[in-house]
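Novice: Just the structure for this:
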Amino acid sequence: MHPVILFDGVCNFCDASVQFILNRDKKETFHFASLQSEAGQKLLEKYNVPENVDSMILVENDKVYYKSSAALRISRHLDSAWKLLYIFMIVPAPIRNIVYDLIAKNRYKWFGQKESCMLPPPAVRKRFL
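Specialist: Numbering: from 1, shown residues only. Predicted structure coming up:
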């Protein structure tokens, strides 16, 4: 099974992050689901993700990763030098998550939000659950 990235489908920053990943995931490693979608809700339930999790979520090898751990695990699969960011996994998660939490808390204020989830372009639609 492909790793699945769960993201906030109405968040402009999250949408930009998905586009960033799509453009750097030439091996098509990742599939995607918005947190608001039926598929996203089923995955949240299956993996008992707490309702208060305010994070991009990675489901990989039947395990769930949140916040900076998810972002860094995603980076190791991306093309070019982005995979080098994975070295930051040596930094304890509470320290890594300080910046992550600051962005997550302010993402709507700083980047805005959409009325609804975006419709993926036909070329990548098969990668969205």
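Novice: Tell me the helix or strand right after the helix or strand hosting Val64.
Specialist: Element membership for Val64, per DSSP states H and E: strand 63-66. Counting by DSSP H and E, the element after strand 63-66 in chain order, helix or strand, is helix 67-75.
Novice: How far off centre is the helix or strand that that following helix is followed by?
Specialist: Scanning forward in sequence from helix 67-75 by DSSP H and E, the next helix or strand is helix 93-111. Here the centre of helix 93-111 is set off from its chain's centre by 13 Å, with Cα atoms, centre = their mean, to the nearest Å.
Novice: Also stretch 1-9?
Specialist: 6 Å.
Novice: and that stretch, which residues are buried?
Specialist: Pro3, Val4, Ile5, Leu6, Phe7, Asp8, Gly9 (16 or more other Cβ atoms under 10 Å). Where C-beta positions appear, they are placed from N, C-alpha and C, glycine not excepted.
Novice: pLDDT-wise, which helix or strand of this structure ranks last?
Specialist: helix 93-111 (a mean of 85; mean pLDDT, DSSP states H and E).
Novice: now for that one, which elements pack on it?
Specialist: Here helix 93-111 touches helix 12-24, helix 67-75, going by 3 or more Cβ pairs under 8 Å, 6 or more residues apart in numbering; DSSP states H and E.
Novice: Please tabulate those in TSV, including the columns mean pLDDT.
Specialist: Below are the helices and strands packed on helix 93-111 laid out as TSV (pLDDT from 0 to 100):
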stretch	mean pLDDT
helix 12-24	88
helix 67-75	95
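Novice: mind putting those helices in CSV, mean neighbour count and distance to Lys126 included?
Specialist: Formatted as CSV, the helices and strands packed on helix 93-111 follow (neighbours: other Cβ atoms under 10 Å; distance: least, Cβ to Cβ, whole Å):
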stretch, mean neighbour count, distance to Lys126
helix 12-24, 17, 12
helix 67-75, 21, 19
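Novice: wait, doesn't Trp82 sit right on Lys26?
Specialist: No - between Trp82 and Lys26 there is no contact under Cβ atoms under 8 Å: 11.6 Å.
Novice: Name the residue in the two with the higher neighbour count.
Specialist: Between Trp82 and Lys26, counting by other Cβ atoms under 10 Å, Trp82 is the more crowded of the two (16 against 10).
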